[in-house]
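[1] I would like to see how this sequence folds:
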Amino acid sequence: MATTQTSRIPFLGFVESPANKCWSLKKIRQVGFASFVGQRNRTQSFCVGRSYFSSSPRRIHNNGSGSGGGGGGGFIQKNCQDGSSSSSSNVEDDQNNKGLLLGAERDASGAVVGFSLIPQSGEEKAYAKVPNGEEDATADAETGDNIYIEINYTAIFVTAEAAPYSKTGGLGDVCGSLPRALAARGHRVMVVSPRYLNGGPSDKRFANAVDLHCPTKVYCFGGVQEVSFFHEYSDGVDWVFVDHPSYHRPGTPYGDVFGAFGDNQFRFTLLCHAACEAPLVLPLGGFTYGEKCLFLANDWHAGLVPVLLAAKYRPYGVYKDARSIIVIHNLAHQGVEPAVTYKNLGLPSDWYGAVEWVFPTWARTHALDTGEAVNVLKGAIVTADRIITVSQGYSREITTPEGGYGLHELLSSRKTVLNGITNGIDGNDWDPSSDVHIPSHYTLNDLSGKVLCKIALQEELGLPVRPDCPLIGFIGRLDFQKGIDILLSATPELMQDDVQFVMLGSGERQYEDWMRHMESLYPDNFRGWVGFSVPVSHRITAGSDILVMPSRFEPCGLNQLYAMRYGTVPVVHKTGGLRDTVENFNPYAQEGRGEGTGWTFSPLSRENLLAALRIAVGTYRDHKSSWEGLMKRGMERDYSWDNAAVQYEQVFGWAFVDPPYVKSNQKEDK
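    I've put the predicted structure just below:
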């Protein structure tokens with residue numbers, strides 16, 4: 001067999017060939033049909049068409065109507081002169097372009113099991129699509145040339161939140177952007193998350209999602225639960241929303257002003273069961289995703305998915321070729337509940353050990369407390385095929401006692417399948433040259449608009465307009481993780497240095513009250529915005545000179561990436577993703593031209609934070625050329641999701657190279 005070669009296929013636009021009246025494919029950019037390839041028993045060719053008219057693909061349904069709400073690739077068939085079927089799309093005839101024919105193969109039952117690209121002439125190379133990591137390239141029988149193979153994946157993201165539909169932090173950003181980046185690279189991608197309805201303006205985010213009229217019953221919590229699925233096709237991704245009354249309530253996805261919802265275990269157990277059913281039952285664009293897919297379970301809310309694949313489906317021969325990846329965004333939250341709730345999870349009784357968790361003696365509440373519990377994230381770690389964290393630094397930290405939250409030994413035992421991939425950012429939303437939320441645009445080559453953003457921010461917040469005064473910004477939750485207590489203790493002394501400080505965030509009441517108090521004490525130097533506003537966060541990012549992030553731990557962090565993109569210099573605690581993304585400033589490197597994009601400090605303390613901020617302020621005031629170099633080096637960095645998507649693809653490949661990590665003996669029919 002010839003050595004396998006891979007080559008990314010550009011998108012294939014369809015043009016009608018006058019010779020045979022079949023629709024051929026003009027290579028424009030990549031498109032994938034990976035989920036349709038299977039075993040080949042009998043071959044019957046027909047031509048298939050698919051067309052994209054803008055940056056957002058237009059799906060062709062099997063009923064012949066074009067819509068943005070299609071899914072998974074639909075087709076319209078018509079007859080060719082040779083008697084085979086073909087598909088058409090609304091693309092103008094192009095008689096001068098030669099393309100590739102997309103031949104479909106059917107098994108004995110007539111079901112489509114494969115596609116292959118057939119060159120119309122010897123000038124084109126032959127390509128083949130293979131599913132989820134299989135490599136099956138052979139030499140062409142006539143020419144001896146290798147057949148180039150494109151490896152595309154069928155990926156199912158399961159998540160509690162996905163922007164712009166639902167978002168409370170970085171998890172929503174990742175699950176809103178990474179699927180789009182993977183879809184743009186030709187993979188078939190579905191995102192499964194709850195359909196949150198709060199009875200307010202946020203409900204309009206789901207306005208374009210249509211009911212698939214596919215009610216599905218799942219068994220958990222001691223009975224049969226029925227869920228519905230809503231669907232929107234956007235940016236190449238099938239967005240599937242699980243609908244159930246438990247998702248219809250005011251508050252965030254996790255709680256309200258009174259704290260976390262008491263039935264979160266039920267709500268997210270339901271999500272996991274529904275997500276496992278979705279690829280099997282939802283005919284998106286006329287085709288289900290099928291069993292050979294890759295599940296990406298994000299945090300504990302989706303942690304039951306790998307366990308369900310191993311315990312509920314694989315013993316019966318379902319999903320036997322599927323793989324799963326647990327993506328850890330924040331290990332501090334693990335989905336721990338009393339052991340008695342195991343019966344609610346819908347798992348076989350003999351799988352209790354997968355989620356069993358026992359607290360150490362010192363962590364128990366009283367002398368009679370046995371410490372027995374179920375830990376959903378632990379179950380995902382022991383059953384998933386691969387483990388990904390959202391930065392390389394965080395992947396190391398979670399294997400230590402300090403950062404592992406009791407799971408460090410387990411994670412260390414699986415270190416060979418643990419990878420860290422730094423998140424990207426949405427370059428369309430976060431671009432100082434086109435941001436709709438900031439008053440003046442600017443670029444790497446023309447920074448004049450940044451000072452105008454600073455002046456506008458000072459005016460908006462009622463601060464004295466002082467373009468030369470260092471303006472420090474903070475954006476984030478007001479809680480212990482973000483180091484707010486350290487910031488609180490350092491701020492009074494910082495105010496003596498003639499700087500301005502702006503904070504945006506909400507969280508613990510004591511910190512919100514502290515912000516109001518500081519504003520009354522320092523009306524010319526401090527402003528605190530209690531709450532969160534996307535437009536205001538953009539204006540603070542653009543208008544600040546320095547962004548401070550004294551987080552105790554930070555799995556990845558996005559605000560420092562946004563800041564550098566906007567020429568705002570970060571000062572961060574050297575931890576997790578902050579360590580990976582912020583390079584410490586060195587003015588003497590590069591023959592005096594300098595290197596670095598900000599300042600990092602460690603260990604976390606009031607004194608170290610003040611020292612780092614004072615060095616940054618001094619550089620801003622006294623070394624303008626060095627400061628401009630810091631700004632430009634930060635803006636030059638590539639923070640797009642494309643880089644992360646390439647790394648995710650590599651991990652996908654590794655997942656399919658090995659057999660499933662947890663194998664179950666298939667049940668015998670009786």
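
[2] contacts, neighbours, all on C-alpha from now
    Will do.

[3] from the chain's centre, how far out does the longest strand along the chain sit?
    Counting residues, the longest strand found in the chain (DSSP state E) is strand 223-234. Taking Cα atoms, centre = their mean, to the nearest Å, one finds the center of strand 223-234 at 21 Å from the center of the full chain.

[4] report the angle between the helix or strand following that strand and strand 223-234.
    Using DSSP states H and E, the next helix or strand after strand 223-234 towards the C-terminus is strand 237-243. Comparing the axes of strand 237-243 and strand 223-234 via axes from the mean of the first three to the mean of the last three Cα atoms, to 10 degrees yields an angle of 150 degrees.

[5] and strand 237-243, what's its mean pLDDT?
    Strand 237-243 carries an average pLDDT of 97.

[6] which other residues reach the next helix or strand after it?
    Next helix or strand after strand 237-243 toward the C-terminus (DSSP H and E): strand 255-256. Residues outside strand 255-256 that contact it (Cα atoms under 8 Å, 6 or more residues apart in numbering): 250, 261.

[7] neighbours around the closest residue to residue 422 other than its chain neighbours, how many?
    For residue 422, ignoring the flanking residues on the chain, the nearest one in space by Cα to Cα, 6 or more residues apart in numbering is residue 391 at 4.1 Å. As a burial measure, residue 391 scores 25 neighbours (other Cα atoms under 10 Å).

[8] rewinding a little: buried residues in the longest strand of the chain?
    Buried residues in strand 223-234, defined by neighbour count with 16 or more other Cα atoms under 10 Å: 227-234.

[9] same list (the residues you listed) but as a markdown table, adding pLDDT.
    Shown next, in a markdown table, are these (pLDDT from 0 to 100):
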| residue | pLDDT |
| --- | --- |
| 227 | 97 |
| 228 | 97 |
| 229 | 98 |
| 230 | 97 |
| 231 | 97 |
| 232 | 97 |
| 233 | 96 |
| 234 | 95 |
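
[10] so which of the residues you listed comes closest to residue 262?
    residue 227 (19.9 Å; Cα to Cα).

[11] for the closest one, give its distance to residue 316.
    Distance, residue 227 to residue 316, by Cα to Cα, to the nearest Å: 23 Å.

[12] for residue 248, give me its contacts.
    195-199 are the contacts of residue 248 under Cα under 8 Å, 6+ apart.

[13] for ChimeraX, what selects the buried ones among those residues?
    Here the buried members of these are turned into a ChimeraX selection, burial being counted by 16+ other Cα under 10 Å:
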select :195,196,197
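
[14] could you dump the contacts of residue 248 to TSV with secondary structure, distance to residue 631 and pLDDT?
    Output for the contacts of residue 248, formatted as TSV (DSSP: H, G, I helix; E, B strand; the rest coil; distance: Cα to Cα, whole Å; pLDDT from 0 to 100):
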residue	secondary structure	distance to residue 631	pLDDT
195	coil	41	97
196	coil	40	96
197	strand	41	95
198	coil	41	91
199	coil	43	88
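
[15] just give me the closest of the contacts of residue 248 to residue 653.
    For the contacts of residue 248, the nearest to residue 653 is residue 195 (31.3 Å; Cα to Cα).

[16] so that closest one is in contact with residue 246, correct?
    No - contact between residue 195 and residue 246 fails when scored by Cα atoms under 8 Å: they sit 9.7 Å apart.

[17] average pLDDT across stretch 505-521?
    91.

[18] show me the contact partners of that stretch.
    So stretch 505-521 is contacted by 475-479, 484, 488, 503, 525-532 (Cα under 8 Å, 6+ apart).

[19] mind running it again at 10 Å?
    Residues external to stretch 505-521 that are found in contact with it (Cα atoms under 10 Å, 6 or more residues apart in numbering): 474-480, 484-485, 488, 491-492, 495, 501-504, 525-533, 537.

[20] and stretch 497-510, what's buried?
    Of the residues in stretch 497-510, those buried (16+ other Cα under 10 Å) are 499-506.

[21] let's have the contacts of residue 248 in a markdown table, adding distance to residue 241.
    Formatted as a markdown table, the contacts of residue 248 follow (distance: Cα to Cα, whole Å):
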| residue | distance to residue 241 |
| --- | --- |
| 195 | 5 |
| 196 | 9 |
| 197 | 11 |
| 198 | 15 |
| 199 | 17 |
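
[22] which one of the contacts of residue 248 is nearest to residue 464?
    Among the contacts of residue 248, and counting by Cα to Cα, the member closest to residue 464 is residue 198, at 39.5 Å.

[23] give me the buried subset of the contacts of stretch 505-521.
    Here, 16+ other Cα under 10 Å leaves 474-479, 484-485, 495, 501-504, 525-530, 537 buried among those.

[24] tell me the mean pLDDT for stretch 274-292?
    Per-residue pLDDT over stretch 274-292 has a mean of 93.

[25] quick one: end-to-end distance for it.
    End-to-end distance (Cα to Cα), stretch 274-292: 17 Å.

[26] can you give the distance of it from its chain's centre?
    In terms of Cα atoms, centre = their mean, the centre of stretch 274-292 is found 20 Å from the chain centre.

[27] can you pull the phi/psi pair for the nearest residue to residue 191 once chain neighbours are set aside?
    Once flanking residues are discounted, residue 191 sits nearest to residue 157: 4.6 Å by Cα to Cα, 6+ apart. As for residue 157, its main-chain torsions (degrees, to the nearest 10) stand at phi -90, psi 130.
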